[in-house]
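S.K.: build the 3D model from these lines:
(one chain, ligands or ions: 1)
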Amino acid sequence: MPTLTKIYSMEEVAAHNKQDDCWIVIDGKVYDVTSYMDEHPGGDDVLLAVTGKDATDEFEDAGHSKTARELMEEYFIGELDEDSVQEIPELKIYKKEEPNDSVQKLVDLTKQYWVVPVSVITISLAVSVLFSRKK
Ligand code: HEM
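M.R.: Residues are numbered from 1 along each chain as shown. Below you'll find the model as predicted:
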């Protein structure tokens, strides 16, 4: 006969965040560690600190032994409703709108070599003045 696993929302789990009533979530599974608080070799404060969120990373970072992982099963009470976990929206990187590349290059070149067009215009004006005087 299939066993019925209880599903809890993160909101429900988060409500158990006290010394005498503490639930934690590791790898999508919910554990009621209330009776383990005083015995936990890592201390009760670390367990309290991870209530209301997924503690998988913290649990793995502590490098728990095989024995610890087996012990966990004693405190398993159900699974987390993944849909209830509010994802932190990824930070959107707003890229500054770059103006059209070739237009920008032309503008840069003009700024850099402004002497060229100014000289061309001056010379053409001088030549046209000279020619008009000769006539
Ligand atoms: C049901 C959940 C948990 C169980 C059954 C458990 C069990 C244990 C056990 C048996 C140890 C001794 C070392 C070992 O055998 O690996 C330990 C150490 C430790 N645990 Fe946990 N743990 C649980 C959850 C957590 C969580 C969620 C955290 C972090 C937020 C944590 C942090 C630590 C730390 C930092 C140590 C190292 C203590 C030391 O050696 O100074 N544990 N845990």
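S.K.: what parts of the chain come near the ligand?
M.R.: 24, 31, 33, 40-42, 46-47, 50, 55, 58-59, 62, 64-65, 67-68, 71-72, 75 (C-beta under 6 Å from any ligand atom). Heads up, the C-betas are built off the backbone N, CA and C, glycines and all.
S.K.: looking at those, which are in helices?
M.R.: Val46, Leu47, Glu58, Phe59, Thr67, Ala68, Leu71, Met72 (DSSP state H).
S.K.: in JSON lines, list the residues you listed along with pLDDT.
M.R.: Formatted as JSON lines, these follow (pLDDT from 0 to 100):
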{"residue": "Val46", "pLDDT": "97"}
{"residue": "Leu47", "pLDDT": "97"}
{"residue": "Glu58", "pLDDT": "97"}
{"residue": "Phe59", "pLDDT": "97"}
{"residue": "Thr67", "pLDDT": "97"}
{"residue": "Ala68", "pLDDT": "98"}
{"residue": "Leu71", "pLDDT": "98"}
{"residue": "Met72", "pLDDT": "97"}
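S.K.: whichever of the residues of the chain next to the ligand end up buried, select them in PyMOL.
M.R.: To isolate the buried members of the residues of the chain next to the ligand in PyMOL, using 16 or more other C-beta atoms under 10 Å:
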select buried, resi 24+31+33+47+50+55+58+59+72+75
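S.K.: which one of the ones in helices among the residues of the chain next to the ligand is nearest Phe131?
M.R.: Glu58 (86.2 Å; C-beta to C-beta).
S.K.: next structured bit after the helix or strand of the chain with the lowest mean pLDDT?
M.R.: Counting by mean pLDDT, DSSP states H and E, the chain has its least confident helix or strand at helix 101-112, which shows a mean of 79. Downstream of helix 101-112, the next assigned helix or strand under DSSP states H and E is helix 115-134.
S.K.: ok, what's across the strand from Ile26?
M.R.: In this structure, Ile26 bridges to Lys29 when assessed by DSSP bridges.
S.K.: give me the pLDDT for it.
M.R.: Looking at Ile26, its pLDDT is 97.
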